[in-house]
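1. Following is a predicted model, sequence given first.
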Amino acid sequence: MPPALPGKITVRLYSRPVKGFVRAALSAVRPTDVLPSPNIWNWPEVYEVENRAQDVDGAIWRALREACDWTGRDVVDVGCGDGFHLPVFARDAARVTGVEPHPPLVRRARTRVDGLPNASVVAGPAQRLPLPDGSADLVHARTAYFFGPGCEPGLREADRVLRPGGTLAIVDLDGTAEPYGPWLCADEPRYDPADVERFFAAQGFALRRVRALWRFGTREDLEAVLRIEFSAEVAERAVARTPGLSFEVGYRVHTRRKPCGLVLP
């Protein structure tokens, strides 16, 4: 059984964007290299349940494949967490490298890809990727670090490691999409999804909205996940409004291709 979370948490738990979603949106300067992500840092086993429940129909994967087919190419997954997505990329990629700053997650990710000859994990923050220039065709980040204003250092690093013609793909939660988006915004009312979208548009990203189905095996799993993603008050509201074992979650898929030639001012 999952831990009895409500009433025992002294830190407000925001949806996965705790890594930087709220603070980056409110400040153009990051005070630290790594902002804690309490959900996966504190409850990695429940987060594993969440990862397995997300996007069961593959809608996000289809959108990413259309933006940049990574078959036979080199992929970097920034903020890879415990490496859940690395084996998926490894099925078709020439090589996939996960980058993660939190040591316990680095160890979990390395265990996950043990035995995959084309997959590896390195420790480091998005602002200083421990990778050579021009070494990747796709840099992917899913609900990690790139949450709007304040992520410019990571954008520059992604461009550095991309080859000409390579793609930076950022997958994040859509704060405007029911039902999950309003729950997320309720925990941080100062966060404005429109501001974040304007930021990425100004940085030259295309935007595609995706609806992904989350489906859980048990009601207990669903409720446990909602309780590590939101503050106690919002989590109880979400549980009450979510009958059954599934619900849809809206995502924003931002993509930007690195130019192949000279870019004139």
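-> In hand now; what should we look at?

2. Arg256 should be in a strand, yeah?
-> Yes. With DSSP: H, G, I helix; E, B strand; the rest coil as the criterion, Arg256 is part of a strand.

3. Just give me how far stretch 80-88 sits from the chain centre.
-> Distance of stretch 80-88 from the chain centroid (C-alpha atoms, centre = their mean, to the nearest Å) equals 11 Å.

4. For it, buried residues please.
-> Using 16 or more other C-beta atoms under 10 Å as the test for burial, stretch 80-88 gives 80-86, 88. The C-beta positions use only the backbone N, C-alpha and C, and glycine is treated the same way.

5. avg pLDDT for that stretch?
-> For stretch 80-88, the mean per-residue pLDDT is 98.

6. what sits up against that stretch?
-> For stretch 80-88, the surrounding residues in contact (C-beta atoms under 8 Å, 6 or more residues apart in numbering) are 37, 40, 44, 47-48, 51, 61, 77, 96, 98-100, 105, 108-110, 112-113, 116, 119, 121, 140, 142, 144.

7. pretty sure Cys151 contacts Tyr145?
-> Yes. Using C-beta atoms under 8 Å, Cys151 is in contact with Tyr145, at 6.1 Å.

8. returning to that earlier point: kindly indicate which of the buried residues of stretch 80-88 lies nearest Asp221.
-> Comparing the buried residues of stretch 80-88 against Asp221 with C-beta to C-beta places Phe84 closest, at 15.7 Å.

9. What distance do you get for the closest one to Gly204?
-> Separation of Phe84 from Gly204 (C-beta to C-beta, to the nearest Å) stands at 29 Å.

10. helices or strands next to whatever helix or strand Gly165 lives in in the packing?
-> Here Gly165 sits within strand 162-173, counting by DSSP states H and E. Packed against strand 162-173, as judged by 3 or more C-beta pairs under 8 Å, 6 or more residues apart in numbering; DSSP states H and E, are the following elements: helix 59-67, strand 136-142, helix 152-161, helix 180-187, strand 246-257.

11. Now do the longest one against strand 162-173, angle only.
-> Translated: strand 246-257. Using axes from the mean of the first three to the mean of the last three C-alpha atoms, to 10 degrees, the inter-axis angle of strand 246-257 relative to strand 162-173 is 150 degrees.

12. Sheet-wise, list the partners of strand 246-257 with their directions.
-> In the sheet, strand 246-257 lines up against strand 162-173 (antiparallel), strand 206-215 (antiparallel) (DSSP bridges).

13. got the buried residues for stretch 136-152?
-> 136-151.

14. for the stretch 151-265 of the chain, what are the low-confidence residue spans?
-> For the stretch 151-265 of the chain, applying pLDDT under 70 flags the ranges 261-265.

15. which one of the helices and strands packed on strand 162-173 lies closest to Val234?
-> Nearest of the helices and strands packed on strand 162-173 (C-beta to C-beta): helix 180-187, 5.1 Å.

16. just checking, what packs against the closest one?
-> Judged by 3+ C-beta pairs under 8 Å, 6+ apart, the packing partners of helix 180-187 are strand 162-173, helix 232-240, strand 246-257.

17. 6 Å instead?
-> Using 3 or more C-beta pairs under 6 Å, 6 or more residues apart in numbering; DSSP states H and E, the elements in contact with helix 180-187 are helix 232-240.

18. quick one: the helix it packs on to helix 180-187, angle?
-> Helix 232-240 runs at 160 degrees relative to helix 180-187, counting by the same axes, to 10 degrees.

19. returning to what we had before: same list, the buried residues of stretch 80-88, but as JSON lines with distance to Arg163 and secondary structure please.
-> Output for the buried residues of stretch 80-88, formatted as JSON lines (distance: C-beta to C-beta, whole Å; DSSP: H, G, I helix; E, B strand; the rest coil):
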{"residue": "Cys80", "distance to Arg163": "20", "secondary structure": "coil"}
{"residue": "Gly81", "distance to Arg163": "25", "secondary structure": "coil"}
{"residue": "Asp82", "distance to Arg163": "27", "secondary structure": "coil"}
{"residue": "Gly83", "distance to Arg163": "23", "secondary structure": "coil"}
{"residue": "Phe84", "distance to Arg163": "26", "secondary structure": "coil"}
{"residue": "His85", "distance to Arg163": "21", "secondary structure": "coil"}
{"residue": "Leu86", "distance to Arg163": "20", "secondary structure": "helix"}
{"residue": "Val88", "distance to Arg163": "21", "secondary structure": "helix"}
